[in-house]
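> Turn this into a model:
(2 chains)
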Protein chains: 2
Amino acid sequence: PDKAAVAAVRERDAQLTKPAGSLGRLEEIAEWLAAWTGRKPAVTRPLVAVFAGNHGVVEQGVAPFPQSVTAQMVENFAAGGAAINQICVAHDLGLKVFDLALDYPTGDITKEAAMDEKTCAATMAFGMEAIAGGTDLLCIGEMGIGNTTVAAAIFHGLYGGTAEEWVGPGTGSAGEVLKRKVDAVSRAVALHKAHLADPLEVLRRLGGREIAAMAGAILAARMERIPVILDGFVATAAAAVLHAANPAALDHCIAGHVSAEPAHAKALEKIGKSPLLSLGMRLGEGTGAALAAGIVKAAVHCHGGMATFAEAGVSSPD
Amino acid sequence: PDKAAVAAVRERDAQLTKPAGSLGRLEEIAEWLAAWTGRKPAVTRPLVAVFAGNHGVVEQGVAPFPQSVTAQMVENFAAGGAAINQICVAHDLGLKVFDLALDYPTGDITKEAAMDEKTCAATMAFGMEAIAGGTDLLCIGEMGIGNTTVAAAIFHGLYGGTAEEWVGPGTGSAGEVLKRKVDAVSRAVALHKAHLADPLEVLRRLGGREIAAMAGAILAARMERIPVILDGFVATAAAAVLHAANPAALDHCIAGHVSAEPAHAKALEKIGKSPLLSLGMRLGEGTGAALAAGIVKAAVHCHGGMATFAEAGVSSPD
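Okay, the predicted model is just below:
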């Protein structure tokens, strides 16, 4: 983080025509943007990056939608018909969608590792290159039938507890489907438990392609000094892998929202993030991060566009 | 509320390319807009209305800023230098500012009624006419040095408890200033306590011009079927007066945010509203409502612009 840029933000903020601290998290956001970009807070090329993958574990009957929906939704993103398209229109955000070998689902984590070492590394590298086109605010999202199952497995693998603690309905699993989801996560973590001390092994064995790519994108953003807004439960799993490897790895990230997926709030606590929004959403696609980007843009406008007490001829406190 | 319009929203929502319920409060917002406008959810002329007033009670030394700041900030709004101007730019919202006889502060509520009957009624009527220019989403905000003191007095008058429970720092009162604020609210409610069974008397005796005007604007919006987003602690006091007179009076309103003013959360509970945002803000000016309007606009985009499962060729749940 760039301490001089943060100091400049604080100095200007103290002169703006408002009581000190009265913009709350909007003031924190201005400091955070300056800390990571090293300049006056600005958002000129916001980008939502959505990574899509398929998962062998769906063979365990863990999801209410068929696996074909992942590719269908990627088509829907391209056609502008998904929720994330509309939120990007509302808040004037760029959108890029990356599908990751959808015809080749990962290994079923209840039986084998999701990815071999080469695939995992190459997919992280792909995610790193995905943001090379340039952005100064990156929203990280995903799509993938079955991916709340593997995200729950990652959290269970990283943080322990029971499978029940980390598994929720995802896109709407209930009854027998939800029971199979809990069982699959439990069996997967038990199968791989001898190898879960290394967070990257957790990612490789229990994760998925979109999760590996998101982890790569978050890493690359850090190296490029690009602030990141995390989306929901699955994006947080990608972030959690990096956080487990290095607790400072997410200092350039904020949590866009806490989703309705029951374990998301606990996962955010584990990575030390307080979500900006809490709107009962549980869709993924980057939708929560993109809504949060609207708040971030407003924070930038306030910091840059407000008058100072001197400029406006407004009296300071008595 | 228009039940047919709500049913039409639900029918369309069930066909959109997302799991049912996965947009959380965005789905509720679409239904709420349809319920009150009687049409497909749309926001074409969003308006932030900011009402400004001055308060005799500042003579009790309850505020850290001098009373002259109210008029100075009205000038700042006109020049585009305030936080609310910038949030309106960020979310493309109209802004109208109404100053209410700033050179004639209300009566000091620790000694007399804030307004006589004619002034209170005329100010409510002024607020009602303020929205006559037309809008289909009204954000209600205010500016007025000393007005968190009178808002606290309104809550204490309506809901009982102790002055300490309802008084907070406002623009930054602390130490002796905060003690005087608590004392002023306590004395004001004690002075007028024989007349507080009628909510409109609470408004007239303990309120202020901007609070009366906001109450009028909220009432007029109801008659015109315009959805309203309430801002923070002071706007909620105006709403609470109406709610005390008729618990259904705020059905066309949502709470834009819960502010950092400590008693705001409790005030929102009293009027039965769950805030859309919680960002630690405590500025007023309609800033919290205007940020919430950005979420509302995104909800409208999602409902109107997303593809259905049939249109997109996406499979429904198994």
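
> which residue ranges form the helices in chain A?
Along chain A, the segments classed as helices by DSSP state H run A:3-13, A:25-37, A:68-79, A:83-91, A:117-130, A:147-159, A:163-166, A:175-192, A:199-206, A:209-224, A:233-245, A:264-271, A:287-305, A:309-312.

> Which stretch among the ones you listed is buried most, on average?
When you average the neighbours per residue for each of these (mean count of other Cβ atoms under 10 Å in any protein chain shown), helix A:147-159 leads with a mean of 29. From N, CA and C alone the C-beta is placed, and that goes for glycine too.

> Pull up the residues of the stretch 151-300 of chain A that are close to chain B.
With the criterion set to Cβ under 8 Å from any Cβ of the partner chain, the stretch 151-300 of chain A comes near chain B through A:171-172, A:260, A:276-283, A:287, A:291, A:294-295, A:297-298, A:300.

> Just put the helices of chain A in CSV and tack on mean pLDDT and distance to residue B:122.
Shown next, in CSV, are those (pLDDT from 0 to 100; distance: least, Cβ to Cβ, whole Å):
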stretch, mean pLDDT, distance to residue B:122
helix A:3-13, 98, 40
helix A:25-37, 98, 36
helix A:68-79, 97, 55
helix A:83-91, 98, 39
helix A:117-130, 96, 61
helix A:147-159, 98, 58
helix A:163-166, 98, 60
helix A:175-192, 97, 60
helix A:199-206, 98, 67
helix A:209-224, 97, 57
helix A:233-245, 98, 54
helix A:264-271, 98, 49
helix A:287-305, 98, 35
helix A:309-312, 96, 30
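
> I'd like these as a markdown table, with distance to residue B:8 appended.
Converted to a markdown table, those look like this (distance: least, Cβ to Cβ, whole Å):
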| stretch | distance to residue B:8 |
| --- | --- |
| helix A:3-13 | 46 |
| helix A:25-37 | 36 |
| helix A:68-79 | 23 |
| helix A:83-91 | 18 |
| helix A:117-130 | 40 |
| helix A:147-159 | 31 |
| helix A:163-166 | 38 |
| helix A:175-192 | 30 |
| helix A:199-206 | 43 |
| helix A:209-224 | 35 |
| helix A:233-245 | 31 |
| helix A:264-271 | 32 |
| helix A:287-305 | 23 |
| helix A:309-312 | 47 |
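
> Quick check: which of these is nearest to residue B:187?
helix A:309-312 (32.3 Å; Cβ to Cβ).

> what about the closest one and chain B, touching?
Yes. Applying Cβ under 8 Å from any Cβ, one finds helix A:309-312 in contact with chain B at A:311, A:312.

> which residues sit in contact with residue A:188?
By Cβ atoms under 8 Å, 6 or more residues apart in numbering or on different chains, the residues touching residue A:188 are A:57, A:109, A:110, A:153, A:206.

> cool, residue A:280 as well?
Neighbours of residue A:280 in contact, by Cβ under 8 Å, 6+ apart: A:260, B:24, B:25.

> Relative to residue A:184, which of those residues is nearest.
The shortest approach to residue A:184 among these belongs to residue A:260, at 21.2 Å (Cβ to Cβ).

> Phi, psi for the closest residue to chain B within the stretch 51-200 of chain A please.
As assessed by Cβ to the nearest Cβ, chain B sits closest to residue A:81 within the stretch 51-200 of chain A, at 2.8 Å. Backbone torsions of residue A:81, given as degrees, to the nearest 10, read phi -100, psi 0.

> Leaving out sequence neighbours, find the closest residue to residue A:155.
Leaving out its chain neighbours, the residue that sits closest to residue A:155 by Cβ to Cβ, 6 or more residues apart in numbering or on different chains is residue A:166, at 4.5 Å.

> correct me, but that neighbour touches residue A:185?
Yes. Residue A:166 is in contact with residue A:185 according to Cβ atoms under 8 Å; the separation is 6.7 Å.

> list the contacts for residue A:245?
Here residue A:245 is in contact with A:199, A:200 (Cβ under 8 Å, 6+ apart).

> tell me, how many neighbours does residue A:162 end up with?
By other Cβ atoms under 10 Å in any protein chain shown, 12 other residues sit near residue A:162.

> Which one of the helices of chain A lies nearest to residue A:256?
Per Cβ to Cβ, nearest to residue A:256 of the helices of chain A: helix A:287-305, 3.4 Å.

> how about the CA coordinates for the closest one, as CSV?
Only the C-alpha atoms of helix A:287-305 are listed here, as CSV (Å, rounded to 0.1, in the frame of the first residue of the first chain):
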residue,chain,number,x,y,z
THR,A,287,-23.5,-9.5,-9.1
GLY,A,288,-22.7,-8.6,-5.5
ALA,A,289,-19.3,-7.2,-6.5
ALA,A,290,-20.8,-5.2,-9.3
LEU,A,291,-23.4,-3.7,-7.1
ALA,A,292,-20.6,-2.8,-4.6
ALA,A,293,-18.7,-1.2,-7.5
GLY,A,294,-21.6,1.3,-7.8
ILE,A,295,-20.9,2.3,-4.2
VAL,A,296,-17.1,2.5,-4.9
LYS,A,297,-17.8,4.8,-7.9
ALA,A,298,-19.9,7.1,-5.7
ALA,A,299,-17.1,7.2,-3.1
VAL,A,300,-14.7,8.3,-5.8
HIS,A,301,-17.1,11.1,-7.0
CYS,A,302,-17.5,12.3,-3.4
HIS,A,303,-13.7,12.4,-2.7
GLY,A,304,-12.8,14.0,-6.0
GLY,A,305,-15.8,16.2,-6.6
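
> and that helix, what does it pack onto?
For helix A:287-305, the packing partners by 3 or more Cβ pairs under 8 Å, 6 or more residues apart in numbering or on different chains; DSSP states H and E come out as helix A:3-13, helix A:25-37, strand A:46-52, helix A:83-91, strand A:137-143, strand A:228-230, helix B:83-91, helix B:287-305.

> ok, back up a step: so which of the contacts of residue A:280 comes closest to residue A:178?
Using Cβ to Cβ, those come closest to residue A:178 at residue A:260, 14.6 Å.

> about what we covered before: could you point out which of the helices and strands packed on helix A:287-305 sits nearest residue A:125?
strand A:46-52 (13.1 Å).

> hmm, back to that, okay, the contacts of residue A:188 in a markdown table with distance to residue B:86 next?
Listed next are these as a markdown table, based on distance: Cβ to Cβ, whole Å:
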| residue | distance to residue B:86 |
| --- | --- |
| A:57 | 47 |
| A:109 | 47 |
| A:110 | 52 |
| A:153 | 44 |
| A:206 | 44 |
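
> and which of those is nearest residue B:139?
When the contacts of residue A:188 are compared against residue B:139 (criterion: Cβ to Cβ), the nearest one is residue A:153, at 43.7 Å.

> nearest residue to the residue of the stretch 151-300 of chain A found nearest chain B other than its sequence neighbours?
Nearest residue of the stretch 151-300 of chain A to chain B, counting by Cβ to the nearest Cβ: residue A:280, 2.9 Å away. Excluding its sequence neighbours, the residue lying closest to residue A:280 (Cβ to Cβ, 6+ apart) is residue B:24, at 2.9 Å.
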